[in-house]
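Asks: Here is the input, now give the coordinates:
(2 chains)
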There are 2 protein chains.
Amino acid sequence: MTDTTLLQSARELDAGDAIAGYRGQFDLPPGVIYLDGNSLGALPLRTAAHLGEVVRKQWGEGLIRSWNTADWVNLPQRVGGKIAPLIGAQPHEVIACDSTSVNLFKLIAAALQMRPGRKVVLSEPGNFPTDLYMIAGLEAQGLAERRLAERARLVDALDDDVALLMLTHVHYKTGEMFDMAALTKAAHEAGALVLWDLSHSTGAVPVQLNAAGADFAVGCGYKYLNGGPGAPAFAYAAERHHDTMGQPLTGWFGHAAPFAFEDDYRPAPGMERMLAGTPPVLGLSALEQGVELVAEIGMDRLVEKSRGLSEFLRRAIAHFAPDLPCISPADPAQRGSQLSFRHENAYALSQALIARGIIGDFRDPDILRLGLAPAYIRYEDCYRAAEALGEILQTGEWERDEFMQRAAVT
Amino acid sequence: MTDTTLLQSARELDAGDAIAGYRGQFDLPPGVIYLDGNSLGALPLRTAAHLGEVVRKQWGEGLIRSWNTADWVNLPQRVGGKIAPLIGAQPHEVIACDSTSVNLFKLIAAALQMRPGRKVVLSEPGNFPTDLYMIAGLEAQGLAERRLAERARLVDALDDDVALLMLTHVHYKTGEMFDMAALTKAAHEAGALVLWDLSHSTGAVPVQLNAAGADFAVGCGYKYLNGGPGAPAFAYAAERHHDTMGQPLTGWFGHAAPFAFEDDYRPAPGMERMLAGTPPVLGLSALEQGVELVAEIGMDRLVEKSRGLSEFLRRAIAHFAPDLPCISPADPAQRGSQLSFRHENAYALSQALIARGIIGDFRDPDILRLGLAPAYIRYEDCYRAAEALGEILQTGEWERDEFMQRAAVT
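Replies: Got it, this is the predicted structure:
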């Protein structure tokens, strides 16, 4: 059921795409349309080459010496410094380490320490689970109290008990984006600090942490930064907090003098005090390549392409599958680089698409999520995905038994 | 100043070494004698090959699907299960994740929760810094109280306030080994739990956690397990604690149903509740190869070789450098797979050795540490190191300016 006008339009958009050439820098499998870069970013060719070098040369030949000669010891700071300009931060305000979950724990704890007498961490129900669970961890320690309020009521819920407002900037399910500056201002007016989870933002949408007056942020390395499966995450703290902030995971790499082997902990200056254990060199090395590639393409161009792609996909799905409700905001400036659709059998739909080589994903219980990594997705990919989705819905192709069986991870 | 008798003896020992052939399974640089496998293990050839496969096939081609098809989702459990027999544990009692530091935090917190009314975590001064610092982190949260006692006084310090005795089984500086069973028993008699740090033990000395009645343990992936720089670490908890233990880093991978995306945390059964964020796939994949290689060689043979090597090296250094005091225990059954020597200019000594291609390391302030990874070190390597050390000391070669300059990490 080809629509030649729409297909032609996709091809013209691709032909006029200023960053189309960067697709060739990714190792994308033939025959696959990959709309899941918001879950796991694709492999940059340079990363495969660089990791070979890190393994054979730096580890194999350099051995322990590479902590100095390959500057492994500064990887967290170096990679953090390269992420910083992508999110409107200064290089020394960002450090790459641990997982998003662990970094959330550190920064929530840091915020609680900075607001003695206040214990409430405010977030929204349906926030990404690990964000809510990390509050629960501190709650079980008796140090925090979790409060959830629907997004329309968040500002009302900001009272004198709130130490920290903690939100995910772009919602993982719906793609809705918060107004970072406005909510940060509201929290500050209530005497609270703010922590932004940028997992679905970094590398895809405009983020200006310092301009928004943000206090803290975390983000994921394996989505739009293409850092590889389970890549290290990052943590940000505004410079004004560097001297006063503390965090409980006081490991040796966060010590002022790790190799003095002192018995007593003294925090390193600045973001280094956010480090805990020995940095994961393989993961950080892969992440560094992904970050450099994103920086090379440039956030302005990525944002423009992201909006173009999601707008085109929205129109194409409205055309081929007019009955499928899109739950992402209609205004591209108010959503992340994804579109989400509601369907009772969203799981089976996602499986039927995968069987056709179109990889999106499913989010419990009824959401089909299509991610648009602007660095390597083409307008024609969006056309093909929309067309396939239309066919799958019209023919009932998704109703096959094999598509209804749920796998462990989706 | 070759000693032909001693050299001959080394060569005979190498010729009779049942596991000599495994050296060929490591990518060791030519011209280097690597006595620092206790700091960063060497690169197994299989790891380089496997990582290429993980990157190109699993990540590049498989993309998000590899969480199921390559079973990434079970990497922490699978790698932990392979480490378990090396430390006298059952497969479901060990999980590979995060860093040693972060795992220490989880397990100290778990122990404190299990001993309400007791806040003291007992350790020894001079324990590896990160172990002491992680107690400090919980102390700053108001949840723990650190108590340090010299090793001879540890048992006396076990009173009714002690929730946890936390020790490093093999001391990183001296190589001294604790009697795990005896100290575990003493702690239990005082109503305390025990956490063993096996960073300098795993893969090198006999460890029988369950036979010793241990409660918790952590260990490092990048030393004798050859998991690569900054490899993920592991955590152990005795099965009897699995239902009752909790930990504060309650991330989504430790949830009973991570992909149900519930707002409330429910711990996964068993060791899975020790997980926090998304598992680091590259690091775990490398670690798995290193662990498999150690398991293939076998702990019995590794322990026998380790003792043989350190005994030979001790004799050879006593011969070539009779005035250099060895601070490691004389009985090979009471020390780890290393020998440490005290010298006012230990740093310069270690640098002079490195200039000759013999890589050991220096530990502040005055310790020269020579590690003997039994999987790939030869008796002749020990001979060469001892001979070189003797020459460096006799000629004063270490006094050169270039050897006195301290680098960032050593």
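Asks: Need the CA coordinates for the longest strand belonging to chain A. CSV is fine.
Replies: Taking DSSP state E as the criterion, chain A has its longest strand at strand A:162-168. Extracted in CSV, the C-alpha atoms of strand A:162-168 (Å, rounded to 0.1, in the frame of the first residue of the first chain):
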residue,chain,number,x,y,z
VAL,A,162,10.7,19.1,50.1
ALA,A,163,14.4,18.8,49.9
LEU,A,164,14.6,17.7,46.3
LEU,A,165,12.4,17.7,43.2
MET,A,166,13.6,14.8,41.0
LEU,A,167,12.2,14.4,37.5
THR,A,168,13.0,12.7,34.3
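Asks: what does the very next helix or strand once past that strand contact?
Replies: From strand A:162-168 onward toward the C-terminus, using DSSP states H and E, the following helix or strand is helix A:180-189. Contacting residues not belonging to helix A:180-189 are listed as A:154-155, A:158, A:162, A:165, A:167, A:169, A:193-194, A:196, A:207-209, A:211-215 [CB atoms under 8 Å, 6 or more residues apart in numbering or on different chains]. The C-beta positions use only the backbone N, C-alpha and C, and glycine is treated the same way.
Asks: Work out the gap between whatever helix or strand comes next after helix A:180-189 and the centre of the chain.
Replies: Next in sequence after helix A:180-189, counting helices and strands by DSSP H and E, comes strand A:193-197. Taking the mean of its C-alpha atoms, strand A:193-197 sits 14 Å from the chain's own mean (CA atoms, centre = their mean, to the nearest Å).
Asks: now that we're looking at the residue of the stretch 1-150 of chain A found nearest chain B, which residues does it contact?
Replies: Here the residue of the stretch 1-150 of chain A nearest chain B is residue A:99; by CB to the nearest CB that distance is 2.6 Å. Residues counted as contacts of residue A:99 (CB under 8 Å, 6+ apart) are A:230, A:232, A:233, B:98, B:251, B:276, B:277, B:278, B:280.
Asks: Neighbours of the third one, how many?
Replies: In other words, residue A:233. Residues lying near residue A:233 (other CB atoms under 10 Å in any protein chain shown) number 30.
Asks: Nearest residue to it in space, please, no chain neighbours.
Replies: Nearest residue to residue A:233 in three dimensions, chain neighbours excluded: residue A:100, at 4.1 Å (CB to CB, 6 or more residues apart in numbering or on different chains).
Asks: Domain ranges for chain A, per the record?
Replies: Domain assignment for chain A by automatic domain parsing gives A:4-45+A:298-404, A:71-297.
Asks: Going along the chain, name the strands of chain A.
Replies: Using DSSP E, strands in chain A cover A:33-34, A:94-97, A:120-123, A:145-148, A:162-168, A:193-197, A:216-219, A:233-237, A:338-342, A:358-359, A:361-363, A:367-371.
Asks: hmm, who's touching the first one?
Replies: Surrounding strand A:33-34, the residues in contact under the criterion CB under 8 Å, 6+ apart are A:28, A:42, A:357, A:358, A:359, A:373, A:376, A:377, A:381, A:384, A:385, B:63.
Asks: got a winner among the residues you listed for most neighbours?
Replies: Using other CB under 10 Å as the neighbour criterion, residue A:373 leads the contacts of strand A:33-34 with 28 neighbours.
Asks: residues touching that residue, list them.
Replies: Contacts of residue A:373 by CB under 8 Å, 6+ apart are A:34, A:37, A:38, A:41, A:42, A:204, A:224, A:226, A:337.
Asks: Distance of it relative to chain B?
Replies: 11 Å (CB to the nearest CB, to the nearest Å).
Asks: And residue A:227, by the same measure?
Replies: 9 Å.
Asks: Nearest to chain B: which residue in the stretch 251-400 of chain A?
Replies: residue A:277 (2.5 Å).
Asks: Next, that residue: phi, psi?
Replies: Reported as degrees, to the nearest 10, the phi and psi values for residue A:277 are phi -90, psi -170.
Asks: Go ahead and confirm it touches residue A:252.
Replies: Yes. Contact between residue A:277 and residue A:252 holds when scored by CB atoms under 8 Å: they sit 7.3 Å apart.
Asks: Contact partners for the closest residue to residue A:90 other than its chain neighbours?
Replies: Setting aside the residues directly before and after it, residue A:90 is nearest to residue A:84 in space (CB to CB, 6+ apart), at 6.0 Å. Neighbour list for residue A:84: A:90, A:91, A:92, A:93, A:94, A:236 [criterion: CB under 8 Å, 6+ apart].
Asks: go again using 10 Å as the cut-off
Replies: The contact partners of residue A:84, taken as CB atoms under 10 Å, 6 or more residues apart in numbering or on different chains, are A:90, A:91, A:92, A:93, A:94, A:95, A:209, A:210, A:234, A:236, A:291, A:295.
Asks: what do you get for residue A:307?
Replies: If you count contacts by CB under 10 Å, 6+ apart, then residue A:307 has A:204, A:205, A:331, A:332, A:333, A:335, A:337, A:372, A:374 around it.
Asks: What of residue A:351?
Replies: Neighbour list for residue A:351: A:345, A:362, A:392, A:398, A:400, A:402, A:403, A:404, A:405, A:406, A:407, A:410 [criterion: CB under 10 Å, 6+ apart].
Asks: Centre of the chain to stretch A:303-323, how far?
Replies: For stretch A:303-323, the distance to the chain centre is 21 Å (CA atoms, centre = their mean).
Asks: in that stretch, what counts as buried?
Replies: Across stretch A:303-323, burial judged by 16 or more other CB atoms under 10 Å in any protein chain shown covers A:303, A:305-314, A:316-317, A:320-321.
Asks: per-residue confidence averaged over it?
Replies: Averaged across stretch A:303-323, pLDDT comes to 98.
Asks: Same check on stretch A:10-28?
Replies: 98.
Asks: Give me the distance between the two termini of it.
Replies: Using CA to CA, to the nearest Å, one end of stretch A:10-28 lies 20 Å from the other.
Asks: Kind regards, and thank you for your time.
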